[in-house]
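>>> Can you look at this prediction? I've put the sequence above it.
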Amino acid sequence: MGLYDATDVKRKTSAILRALSEAREPLGARIIARQLGGHGILLSERAVRYHLQMMDERGLTTSFGRDGRLITPAGREELKNALVSDKVGFVISRIELLAFATSFDTQRCCGQVPVNISFFPLARFDEAIEAMKNTFEKGMCISDRVAFAREGEKLGDVVVPPGKVGLATVCSITINGALLRNGVPMDSRFGGVLEMRNGKPLRFVELISYAGSSVDPSSVFIRGGMTSVREAASHGDGKILANFREIPAPCRSVAEAALQKLRDAGLGGLVLMGQPNEPVCEIPVGLNRVGVVLLGGLNPVAAVEEAGIQTENRAMSTTLEYSTLHSFHQLTGASSLSLAIS
């Protein structure tokens, strides 16, 4: 029982530290409890306050009275060394939570959609815009709708760091959420790198299982320089970010109809849907299952990295109201930053 209690305390401590690490101003117990609830961790305000007091004593947080608390360097180190068992499977649980939170209405083109958050150096923002341009034009994204924010401003509940510009791109989990709302369960199996030949999908050359991962696969592939999105967009041959998912075979027709409604509303992302029990892009599927290959939402950001501009990515970060997003094509030009955030 003592071991269980200690593990439970560490898990809750890590969750609170994670919330504080993403804030640039002190957070109170009420706000922390609300944020944890959004991640499926149910702690009362009183319980959060109790854990914060213990964390103060350990030097993991520092109190600013009524204003709340900030994480300390020791707290950041503790978070970095959080329980491995908690990290494994974090990605798949995040996918499920964001899919449930998706409320996009294809008829009114509004509702909450999951987004990835990326940060670019402010001094190279216009270069980043130019690097992404072709990927958006060729449709190598879930949607051309994006949101930008300056340093110190927020995209959802994520604060943009100093010297950076934040970009929100629509995440492929939007498709999970749309199918879920239509009664189609989607099993997210792998994030990967998909080889394209003459503009058509050929095979997966790299795969990471969502269920056994503690980090988002797309971020790993971008950081490792394993993509050639710009080549794929320009010439049709290259390696792009994609993911492999499965649906029950009897749901195939319902899924096709739901995906068509998404396309009509300006949300794409489907690369290929296979036939029941047949491999897709050399990946086998389960019995009475259909393989589905979706574009990775971070393909435009991968193109920026390929252009030699360093990025920082928080995939599957939060949700935003779709109707508040802007078309990327309206944001190109010399005054892109001021237009993007006006």
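Perfect, thanks for sending it.

>>> Return the residues in contact with residue 238.
Counting by CB atoms under 8 Å, 6 or more residues apart in numbering, residue 238 touches 195-196, 227-232. Using the backbone N, CA and C atoms, a C-beta is placed for each residue, glycine as well.

>>> Go again with 6 Å.
196, 228, 231-232 (CB atoms under 6 Å, 6 or more residues apart in numbering).

>>> what's the first-to-last distance across stretch 93-108?
In terms of CA to CA, to the nearest Å, the two terminal residues of stretch 93-108 are separated by 29 Å.

>>> which residues sit against that stretch?
40, 111-114, 173-174, 176-177, 180, 188, 261, 265, 316, 319, 322.

>>> ok, now with 8 Å
Stretch 93-108 is contacted from outside by 38-40, 110-114, 171, 173-174, 176-178, 180-181, 186, 188, 210, 261-262, 264-265, 267, 316, 319, 322, using CB under 8 Å, 6+ apart.

>>> Repeat that for stretch 169-176.
Under CB under 8 Å, 6+ apart, the answer for stretch 169-176 is 95, 98-99, 102, 104, 113-116, 118, 141-143, 145-146, 186, 188, 243, 245, 259, 262, 267, 269-270, 294-298, 300-301, 315-316, 322, 325.

>>> ok so, going back, sort out for me which of the contacts of stretch 93-108 are in strands.
112-114, 188, 316, 319 (DSSP state E).

>>> Can you tell me which of the residues you listed is nearest residue 204?
Nearest to residue 204 out of the ones in strands among the contacts of stretch 93-108 is residue 188 (CB to CB; 14.5 Å).

>>> quick revisit: among the contacts of residue 238, who's most crowded?
residue 232 (25 neighbours; other CB atoms under 10 Å).

>>> List the contacts of that residue.
Taking CB under 8 Å, 6+ apart as the contact definition, residue 232 lies against 140, 196, 238-240.

>>> how about 7 Å then?
Residue 232 makes contacts with 196, 238-240, as judged by CB atoms under 7 Å, 6 or more residues apart in numbering.

>>> what sits up against the lengthiest helix in the chain?
Counting by DSSP state H, the longest helix found in the chain is helix 2-21. With contact meaning CB under 7 Å, 6+ apart, helix 2-21 is reached by 27, 32, 35-36, 41, 43, 48, 51-52, 55, 60-61, 69-71, 75-76, 78-79, 82-83, 86.

>>> ok, now stretch 154-163?
Stretch 154-163 is contacted from outside by 22-24, 35, 117, 119, 121-122, 147, 149-153, 166, 168, 314, 317-320, using CB under 7 Å, 6+ apart.

>>> Next, the buried residues of stretch 107-122.
Buried residues in stretch 107-122, counting neighbours by 16 or more other CB atoms under 10 Å, are found at 111-120.
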